[in-house]
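>>> Build me a model from this:
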Amino acid sequence: MFAVRVIAALLLLAVAGVSGDDFCGPASAKVIMGQRTYICLVLADLENWNGSDENGDVHYHRFAFRPIVDDFAKLEVQDSWIKQGGDTNCQNCGIKPYPEACKSCEDNLLRNFTNPSVHVESLDKVSFIRKYRGYDNGVPRTFPYMTAIITVDMGTITGITWDEGCTFCLDSECVENTYGFTGALEANGGKACYVDDTTCVNGDQVSEVCPLQVYAVWTGTDADGNYLKSAEVRFSQFKSYSMTNWADTLKNKYEEVKSYSEYDDEGTTGV
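The predicted structure follows:
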């Protein structure tokens, strides 16, 4: 655990050197219910946190959101699953290893990352990593939803963990998906549902399930001593549903969800 904390601290320092200390919020900021806070989604290759080029630099991309504390917040990067283009072969993108004729339509993230993975930052705290897309025995797969639980003590964030993510799939479709910054699986770190990429596209249409989206909830107490309760309504607390009707379930059963799709972004990948 100590090693992970050291890596996370070095990561924050390295990224701060590129974007400024406050990109994901000043470390001194306090969490207050009903006020905006800072959350970043950070993308990179799963294996690359130890340095992804000859110089040892980490190639990453960060998306900074400003959700309201204690919302059941949906942080989404629109059009992230596939880049729309005019090539007639674009319908093949995401279904199989990209044919040469489809290069202009490649997924925005996979163009820069072999195994695009995400972790969450808020103020001075960092979560472990979850894989967003990648290959399993040659089959391209997507992990379409994740929930980050932000734990707060009197307004100070004490940790960010991933919720168990098997609510919307069969047990056989839910696998371990929590990694440390060395790229190794974290013991008892939690599982997540996957879908084969073939379910993410229908012709040239991308399923609304598959673009990058992370849900954020809070637990603990804010700076005024108020109890934060959004973690009580996260998906894992309720009945399971199939992945195929997940989008409809969200619309009909989870009216609490507040969508945030505006963000600042920066990084070293050119996405």
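>>> Confirm Lys30 sits in a strand?
No: assignment of Lys30 by DSSP: H, G, I helix; E, B strand; the rest coil gives coil, placing it outside any strand.
>>> Run through this protein and note the low-pLDDT ranges.
Residues of the chain meeting the criterion pLDDT under 70: 1-21, 47-58, 79, 82-114, 236-255, 267-271.
>>> so where do the helices sit in it?
With DSSP state H as the criterion, the chain has helices at 2-19, 246-253.
>>> Contact partners for Gly159?
Gly159 is in contact with Lys125, Ile150, Thr151, counting by Cβ atoms under 8 Å, 6 or more residues apart in numbering. Quick note: C-beta positions are derived from backbone N, CA and C, even for glycine.
>>> so of the residues you listed, which ones are in strands?
Mapping the contacts of Gly159 onto strands (DSSP state E) picks out Lys125, Ile150, Thr151.
>>> Next up, the contacts around the closest residue to the second one other than its chain neighbours.
For Ile150, the nearest residue in space outside its immediate sequence neighbours is Trp218; the separation is 4.9 Å by Cβ to Cβ, 6 or more residues apart in numbering. Residues counted as contacts of Trp218 (Cβ under 8 Å, 6+ apart) are Val31, Val69, Asp70, Ile149, Ile150, Thr151, Val152, Leu228, Ser230, Ala231.
>>> now Val77
By Cβ under 8 Å, 6+ apart, the neighbours of Val77 are Leu41, Phe63, Pro211, Leu212, Gln213, Ser261, Tyr263.
>>> Show me which pair in these is furthest apart.
Spatial extent of the contacts of Val77 (Cβ to Cβ) is set by the pair Pro211 and Tyr263 at 13.1 Å.
>>> Pick the one among the contacts of Gly159 closest to Val257.
Ile150 (16.0 Å).
>>> coming back round to it: let me have the ones in strands among the contacts of Gly159 in JSON lines, extended by distance to Asn202 and neighbour count.
Listed next are the ones in strands among the contacts of Gly159 as JSON lines, based on distance: Cβ to Cβ, whole Å; neighbours: other Cβ atoms under 10 Å:
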{"residue": "Lys125", "distance to Asn202": "39", "neighbour count": "20"}
{"residue": "Ile150", "distance to Asn202": "35", "neighbour count": "28"}
{"residue": "Thr151", "distance to Asn202": "39", "neighbour count": "16"}
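>>> Which of those residues sits closest to Tyr194?
Closest approach between the ones in strands among the contacts of Gly159 and Tyr194, by Cβ to Cβ: Ile150, at 24.2 Å.
>>> Now do the same contact list for the closest one.
Each residue near Ile150 by Cβ under 8 Å, 6+ apart is listed here: Val31, Ile39, Ser122, Lys125, Ile157, Gly159, Ile160, Ala216, Val217, Trp218, Thr219.
>>> Just the buried residues of these.
Buried subset of the contacts of Ile150 (neighbour count, 16 or more other Cβ atoms under 10 Å): Val31, Ile39, Ser122, Lys125, Ile157, Ile160, Ala216, Val217, Trp218, Thr219.
>>> Would you mind giving those as a markdown table with distance to Asp204 added?
Formatted as a markdown table, the buried ones among the contacts of Ile150 follow (distance: Cβ to Cβ, whole Å):
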| residue | distance to Asp204 |
| --- | --- |
| Val31 | 42 |
| Ile39 | 32 |
| Ser122 | 36 |
| Lys125 | 40 |
| Ile157 | 41 |
| Ile160 | 36 |
| Ala216 | 31 |
| Val217 | 34 |
| Trp218 | 38 |
| Thr219 | 41 |
